[in-house]
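1. A structural model of the following input is requested.
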Amino acid sequence: MSADAVVIGAGVSGLTTAVCLAEAGMRVRVDTDRPPGATTSAAAGAMWDPYLAEPSDVVERWSRETLSELVALGVDKDTGIRIVEGTQESRIPCAMPTWSGLVGGRLCAPEDLRRGFVAGWRYRAPLVDMPRYLHYLARRLAEEGSSIRSHRYGAVEEAMREAPVVVNCSGTGARALVDDPSVEAVRGQLVVVENPGIESFFCDGTPDADELTYIYPHARTVVLGGTSDRGNWDLSPDEEAAHRIIARCVAVEPSLSGARILEQRVGLRPARTRIRLAEEHHGGGLLVHNYGHGGAGLTLSWGCAREVAERIRRVLTATA
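-> Residues are numbered from 1 along each chain as shown. Sure thing, here's the model as predicted:
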């Protein structure tokens, strides 16, 4: 297919961006060295939560736009999105996050807190079965006549020869692809177990906690997390880390004790001091960067994708 635009990367940022461009009338191809089901996005928990992403002003706007879209998509069961109620709780006194108002956050009464926690807030937010959601995005892209090609680029210059517009959604791959040493991997590991009947989510929101603890229930499974190992690029599951994850989650939710382990997932969050969403003219074509989303790739996906599409539209209109 002769493409108007090539999107590099088939994680949630890449697929969402490709969908926005295709539905705007562009002929789009996604080039990726990993299929959607093998990306970091597929290994995510995942909930709407502006985690590990800066700068805060645009993160808030992109998060709000994405929240609205995920809520709307949640009416379709095929998307893998459900709106679930639960709590974030802290072991030390702290205020509710600034984004809590977007999801109806309200303080928990002391008697409603889990053992060992002294503050907390309850809210409803999108909980996403990521493998299923990525499959939905890929199917939506295919319905627009767009394709996903298995291909690895050694440098972005190679991609610029493929189409007049290239969007770089390569995540941690941007470190090598565009020689950006500020991109750092933050390794995340989680454990998926059979659901013993849990219906509400839990997340340890203790500021600067040494380890992540979250419990995200789906219909038949529960995703337990997690880890946040900065600078660790190892994609192999760590059995000791898995045991610690399970132990922390069981301490919070005893009904998980003995739940059958179904799988472990490992992904590399693409951390950067600031998200890079910017365009540049490169070799006669237009290159747009959309990476560095940290642990908030899902949370920012639609907001960032729509901004990418709008920036491309403005540039192409100005040069027509």
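2. residue boundaries of the helices in the stretch 151-300 of the chain?
-> Assigned by DSSP state H, counting those that start in this stretch, the helices in the stretch 151-300 of the chain fall at 156-160, 174-177, 239-252, 297-319.
3. Relative to Gly74, which of these is closest?
-> Distances from Gly74 to each of the helices of the stretch 151-300 of the chain were compared using Cβ to Cβ; the minimum, 12.9 Å, belongs to helix 297-319. Heads up, the C-betas are built off the backbone N, CA and C, glycines and all.
4. Any buried residues in the closest one, and which?
-> Buried residues in helix 297-319, counted by 16 or more other Cβ atoms under 10 Å: 297-309, 311-312.
5. between those residues, which is closest to Val186?
-> For Val186, the nearest member of the buried residues of helix 297-319 is Gly297. The distance, counting by Cβ to Cβ, is 11.7 Å.
6. Kindly provide the distance from Leu277 to Ala155.
-> Taking Cβ to Cβ, to the nearest Å as the measure, Leu277 falls 21 Å from Ala155.
7. Same check on Pro237?
-> As it turns out, when the distance is counted by Cβ to Cβ, Pro237 lies 31 Å from Ala155.
8. between the two, which one's more packed in?
-> Here Pro237 and Ala155 are set side by side on neighbour count (other Cβ atoms under 10 Å), and the busier one is Pro237, at 14 against 11.
9. what pairs with the nearest residue to the more buried one once chain neighbours are set aside across the strands?
-> Distance criterion Cβ to Cβ, 6 or more residues apart in numbering; nearest residue to Pro237, sequence neighbours excluded, is Gln264 at 4.2 Å. Per DSSP bridges, the residues bridged to Gln264 are Val191.
10. thinking Gln264 is in contact with Val193, fair?
-> No. Counting by Cβ atoms under 8 Å, Gln264 stays clear of Val193, with 10.2 Å between them.
11. Do you know the pLDDT at Ala53?
-> Turning to Ala53, the model gives it a pLDDT of 82.
12. SS state for it?
-> Reducing the assignment at Ala53 to three states with DSSP: H, G, I helix; E, B strand; the rest coil gives coil.
13. so who does it touch?
-> If you count contacts by Cβ atoms under 8 Å, 6 or more residues apart in numbering, Ala53 has them with 59, 275, 292-296, 299-300.
14. and with 7 Å instead?
-> For Ala53, the residues meeting the contact criterion (Cβ atoms under 7 Å, 6 or more residues apart in numbering) are 59, 275, 293-294, 296, 300.
15. The residue nearest to Pro237 and Gly188 touch, don't they?
-> No. Counting by Cβ atoms under 7 Å, Gln264 sits too far from Gly188 to count as a contact (11.2 Å).
16. So between these two, which is more surrounded?
-> More neighbours surround Gly188 than the other of Gln264 and Gly188, with 23 against 18 (other Cβ under 10 Å).
17. give me the number of residues near the residue nearest to Asp78 when sequence neighbours are not counted?
-> Counting by Cβ to Cβ, 6+ apart, Asp78 lies nearest to Tyr136, which is 6.0 Å off, once chain neighbours are set aside. Tyr136 is surrounded by 20 other residues when neighbours are defined as other Cβ under 10 Å.
18. roughly how far apart are Tyr136 and Trp62?
-> With the distance defined as Cβ to Cβ, Tyr136 ends up 20 Å from Trp62.
19. do Asp112 as well
-> Asp112 sits 31 Å away from Trp62, going by Cβ to Cβ.
20. Who has more neighbours out of those two?
-> Between Asp112 and Trp62, counting by other Cβ under 10 Å, Trp62 is the more crowded of the two (25 against 12).
21. sec struct for the more buried one, please.
-> Criterion first, three-state DSSP; result for Trp62: helix.
22. Surely it and Leu300 touch.
-> Yes. In terms of Cβ under 7 Å, Trp62 counts as a neighbour of Leu300; the distance is 4.5 Å.
23. Distance of the residue nearest to Arg152 when sequence neighbours are not counted relative to Thr172?
-> Using Cβ to Cβ, 6+ apart and skipping residues adjacent in sequence, the residue nearest Arg152 is Asp33, 3.8 Å away. For Asp33, the distance to Thr172 equals 12 Å [Cβ to Cβ].
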